[in-house]
Structures are given as C-alpha cells and as structure tokens.
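*Asks:* Next come a sequence and a model predicted from it.
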Amino acid sequence: MNLLIIVSDTFRRDHLGCYGNAWIKTPNIDELAQQSILFENAYCGSFPTVPNRAEVFTGRYVFTYYDWSPLPRNEVVLSEVLGKAGYTTMLVADTPHILKDGYNFQRGFSGWDWIRGQENDRYMTDPIEIRFPCSPEKLRSPHDTVVQYLRNVSRRTCEADYFAPQTMARACDWLERNRAIERFMLYVDTFDPHEPWDPPRWYVDLYDPGYDGEEVIYPAYGRDDYVTREELKHMRALYAAEATMVDRWVGKVLVRLEDLGLADDTAVIFTTDHGFYLGEHNLIGKCIIAGGTLEATPLYSELARIPLLVRIPGSEPGRIQGLVQPTDIMPTILELAGAKDPGTMHGRSLLPLIKGEVESLRDVAVSSWAITQDVSSGRRSTVADGKWALIYGGVAEGQTTQTTSVVDSVRRSEQAYMPGKEPELYDLESDPGQERNVFDAERDIAAQLHKNYVDMLRAAGTHERYLKPRLAL
C-alpha cells in the first residue's frame with residue numbers, strides 16, 4: 001500500500017466543516033473526511049512545531065526528553081524504517097523549521113524538496129522597500145522575521161506562487177513522475193495556515209469583505225488587548241482565508257491521486273500539529289512573547305485538540321471517539337506497510353481501533369510543552385480523558401533562569417506564565433470553552449488524571465530528574 005501524509009501546520013480543528021464549523025469553506029478536506037475514519041478525540045502530543053514532527057517521525061513522546069532542536073542522530077525514524085521495507089520515501093515541505101539550520105528532518109528520505117521562503121527563512125536579501133501592513137508594535141519580530149518574510153514573497157504574482165499552492169503542486173508533480181513506483185510514502189508538510197496570513201484577496205473577501213483597516217498578518221503573541229475588535233475580527237478572517245486556500249490545494253493533491261489511478265492503493269492521513277488562540281482566553285498566538293522573553297501558556301482545547309483523518313482503501317468511513325495522538329501515526333503507517341516494528345515507539349497502531357478490535361488505546365491523552373526545562377519555567381501539560389482536562393505543571397523548587405529556542409528558533413529567556421498558579425481542571429462536556437476551573441471541587445478526578453499522567457511518563461521512560469517534580473499534585 002502506498003502512503004500519503006499531509007500535515008498542515010496550525011490548522012484549528014474547529015475551523016473544518018467536518019468538525020462542526022459552519023462558516024469556513026473547506027469542501028475538499030470535508031469530502032476526504034466523508035471517505036475516512038475521523039477521530040473525534042485526537043490531541044496533540046509534543047508541542048509545538050518541531051517537537052511535533054519529531055513525534056510523528058519517531059512514534060515517541062519526545063516532550064519527555066527533547067525540546068525544540070535538531071533531530072537527534074540516534075532516533076529511529078519513519079523514513080529509514082520504510083526504506084528498509086522497500087519503500088521510496090519523499091518529503092515535500094515549505095515548513096522551514098524542520099529543515100533550516102541543520103535541523104535535518106529530511107534524514108532517511110529517498111528524496112526531499114524544500115520550498116523556500118516561509119516565515120523567517122533566510123532566503124532573499126533583495127534591498128526592496130518594506131511596508132508594514134499595520135503598526136509594527138502589533139507584529140511579532142517586525143524588524144527581523146516580518147521584514148525577511150516580506151522580502152521572500154516580494155516576487156509573487158499569482159496564487160500559484162503562494163507557499164501552500166507551491167508545496168501541493170510539487171507533491172502533485174512528484175506523484176505524476178513517480179506513479180510507476182511499486183510502493184511509496186509521500187510526506188507533505190505545509191506551514192499554512194500558520195501565520196503570516198496574507199492569502200490572495202479573494203479568499204479574505206469570503207469572510208470580511210470591504211475591510212480597509214490595518215492587517216495584523218503576523219500578530220504579536222500575548223494578551224489580545226493590543227488590537228481593536230475590528231482588527232481581531234479581520235485576523236480571524238485572514239486565518240480562515242488561509243484555511244480555505246490550504247483546503248483548495250489539498251484538494252488538488254487528492255484529485256491527482258484519482259487521476260493517476262493511485263487512490264485505490266494509497267492510504268491518506270491528514271492532520272496538524274496544534275491550533276492557535278484567536279482571542280480565546282484573551283490570548284493571541286500560542287504563548288506570550290515580550291521583547292526577549294517567552295511565557296509558555298496553557299494548552300487549552302483550541303491548541304490541544306487537533307484534526308486527524310485516515311482514509312484506508314477498503315475500510316469503511318466513520319467516526320471514532322477513542323483518544324489518539326501523533327505518536328500513533330508511525331506505528332499505523334508501519335502496520336499498513338507491513339514494515340517491521342523497530343521496538344522504539346511509544347504510540348500504538350490505530351488499526352485495531354479502526355477495525356473495532358479495541359475500544360481505546362489509552363486512558364488519557366497528554367499534550368505538553370517539553371518538560372526538560374526546570375518546573376519554575378511554568379511549562380504545563382494538558383491531561384485529557386475525553387470528558388475532563390487537567391492542566392498541570394509540577395511543583396517548583398525555587399526559580400532558575402532558562403533560555404529556549406521555541407517557537408521559532410529564536411533564542412529567548414523563559415519565565416513563568418502566571419507563576420504559582422494552581423492546577424486547572426475543566427469539564428469539557430459542560431464547559432467546552434474551559435472557563436470554569438473546578439479543580440478545588442473535583443480533586444478526586446484531578447488526582448486520577450494526575451496518576452494517569454505519572455503512569456504515562458513512567459511508561460515512556462522519563463528520567464527521574466524530570467519525573468520527580470511532577471509526582472505530587
């Protein structure tokens with residue numbers, strides 16, 4: 001069986017029609033969902049972009065020992081295992097962080113194609129005039145990342161020049177040229193709808209026609225009080241427009257599979273790494289960045305819950321409630337491919353769940369910033385069981401000064417978000433927006449979730465120095 005994996009960065013689950021959205025146009029992914037197994041309770045694992053890809057490529061909960069950094073040489077990775085099983089493996093990506101600066105996530109692939117210029121990729125140096133689309137103080141890293149990005153895209157003339165279109169078009173071309181290969185895995189990774197949000201105007205006009213104010217295309221991460229309500233509404237429209245553009249071009253890849261006669265022999269997986277706050281919890285972004293500091297915000301559902309669609313030739317479509325995570329992608333692919341289990345993975349194949357042989361793979365899903373920083377950094381994990389979500393960060397002993405390269409490979413000092421804050425517990429059925437912390441009233445439930453969390457960390461082989469400060473609730 002051939003394999004097609006599409007990862008669309010920062011694609012919020014609740015912005016897809018197949019997950020209940022009624023105002024954003026995503027017809028192609030929605031059609032894929034009708035042909036697929038849709039997982040209702042898919043949660044991100046290692047957060048954010050780079051740790052997620054490490055998790056997808058290794059099947060391991062890397063947040064227990066690894067943070068934003070190059071792919072370790074000793075990791076057993078998906079591409080190499082499939083290569084030994086006789087697969088031709090291809091990576092097509094515009095997501096810069098997994099390829100630039102020696103991050104080396106192309107390791108083991110038979111071939112790889114990097115579409116240059118996304119976000120802060122040091123691509124063009126053309127001395128052109130740069131005009132910010134809004135007041136620079138509303139932008140994250142305006143004089144570094146935004147200036148670099150605007151240089152990188154200065155030669156665009158049509159929709160085909162945008163990043164997601166380029167990436168999907170290159171994937172289509174590869175399929176056409178390689179359609180006679182006996183077995184392949186094509187891994188496609190697009191950074192959109194991650195910011196900067198600057199899709200063609202006709203997509204934006206679907207959601208906020210006639211807007212003539214400032215466009216905050218690469219918003220500063222932090223509290224949402226630095227933009228007007230009109231600007232925030234337009235930011236949501238920009239993000240929705242990016243989602244629709246991604247959907248349009250994902251659709252072209254799926255059609256090309258059909259045109260080439262490959263669809264009946266190719267399993268398709270569509271997913272993302274995490275979501276994005278668009279004013280929920282009074283936050284914009286996925287953390288708080290102020291000058292040279294970063295604060296790791298909690299992973300509420302807008303960030304933690306993700307879409308996951310799996311279309312397998314010959315399998316009946318449907319919806320599954322069981323808790324699943326990105327660690328399960330590699331073991332699923334290896335089982336579909338008939339490849340040998342390397343014995344290094346934490347995740348489990350989704351196929352027994354899909355076939356109805358089991359009702360669940362785990363008691364809880366854990367979504368987490370890397371726990372390799374000292375607990376005083378304020379990094380917290382989200383522990384969800386489908387009804388409840390516990391947000392917990394361990395017990396700090398003193399304060400240490402730390403630095404991090406998360407979330408964009410820029411080195412910053414790290415400080416705690418709301419230091420000393422108690423754990424949070426939410427009833428996801430009665431309070432899906434996670435506005436009422438019931439930790440004090442439901443300590444027994446919190447204790448059980450915490451136990452499951454510690455059990456998961458132990459099962460993953462977490463080092464004692466990271467485990468010890470998380471043993472007490």
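*Replies:* Everything's here; your move. Values in this document were obtained by computation on a predicted structure and should not be read as measured data.
*Asks:* three-state assignment of Lys451?
*Replies:* Classification of Lys451 by DSSP: H, G, I helix; E, B strand; the rest coil places it in helix.
*Asks:* which residues in the stretch 1-150 of the chain form helices?
*Replies:* Using DSSP state H, counting those that start in this stretch, the helices of the stretch 1-150 of the chain run over residues 27-34, 49-58, 78-84, 147-152.
*Asks:* ditto for the stretch 351-473 of the chain
*Replies:* 351-354, 443-459, 464-467.
*Asks:* Check what contacts the longest one and list those residues.
*Replies:* If I follow you right, that is helix 443-459. For helix 443-459, the surrounding residues in contact (C-beta atoms under 8 Å, 6 or more residues apart in numbering) are 61, 64, 346, 362-364, 366, 381, 383, 385, 388, 390, 392, 423, 425, 439, 466-467, 470-471, 473. Quick note: C-beta positions are derived from backbone N, CA and C, even for glycine.
*Asks:* Report the buried residues of it.
*Replies:* 445-446, 448-450, 452-454, 456-457 (16 or more other C-beta atoms under 10 Å).
*Asks:* Same check on stretch 394-405?
*Replies:* Applying 16+ other C-beta under 10 Å to stretch 394-405 flags 394, 396, 402, 404-405 as buried.
*Asks:* Just send these back as TSV, with pLDDT and distance to Tyr277 too.
*Replies:* Listed next are these as TSV, based on pLDDT from 0 to 100; distance: C-beta to C-beta, whole Å:
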residue	pLDDT	distance to Tyr277
Gly394	94	23
Ala396	83	25
Gln402	91	23
Thr404	95	19
Ser405	95	21
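*Asks:* and which of these is nearest to Tyr218?
*Replies:* Nearest to Tyr218, judged by C-beta to C-beta, of the buried residues of stretch 394-405 is Ser405 at 18.5 Å.
*Asks:* right, and that closest one touches Pro70 too?
*Replies:* No - using C-beta atoms under 8 Å as the test, Ser405 is too far from Pro70 to be in contact (10.4 Å).
*Asks:* before we move on, the earlier item: highest mean neighbour count across the helices of the stretch 1-150 of the chain, which stretch is it?
*Replies:* helix 49-58 (a mean of 26; mean count of other C-beta atoms under 10 Å).
*Asks:* tell me what it is packed against?
*Replies:* Using 3 or more C-beta pairs under 8 Å, 6 or more residues apart in numbering; DSSP states H and E, the elements in contact with helix 49-58 are strand 2-8, helix 78-84, helix 329-337.
*Asks:* so Gly279 sits right up against Glu231, yeah?
*Replies:* No - if you go by C-beta under 8 Å, Gly279 and Glu231 don't touch, sitting 10.6 Å apart.
*Asks:* between those two, which one's more packed in?
*Replies:* Comparing Gly279 with Glu231 by neighbour count (other C-beta atoms under 10 Å), the higher total belongs to Glu231, at 19 against 15.
*Asks:* contacting residues around the more buried one?
*Replies:* For Glu231, the contacting residues are 134, 138, 213-214, 216, by C-beta under 8 Å, 6+ apart.
*Asks:* element containing it, please.
*Replies:* Under the criterion of DSSP states H and E, Glu231 resides in helix 229-259.
*Asks:* average pLDDT across that helix?
*Replies:* In this model, helix 229-259 has a mean pLDDT of 98.
*Asks:* Check which residues of it are buried.
*Replies:* Buried, per 16+ other C-beta under 10 Å, within helix 229-259: 231-251, 253-254, 256-257.
*Asks:* Arg122 against Gln148, yeah?
*Replies:* Yes - between Arg122 and Gln148 a contact is recorded at 6.7 Å, counting by C-beta under 8 Å.
*Asks:* Pull up the overlap in contacts between these two.
*Replies:* By C-beta under 8 Å, 6+ apart, no residue touches both Arg122 and Gln148.
*Asks:* residue ranges for the helices of the stretch 151-300 of the chain, please.
*Replies:* For the stretch 151-300 of the chain, applying DSSP H, counting those that start in this stretch gives helices covering 163-177, 201-204, 229-259.
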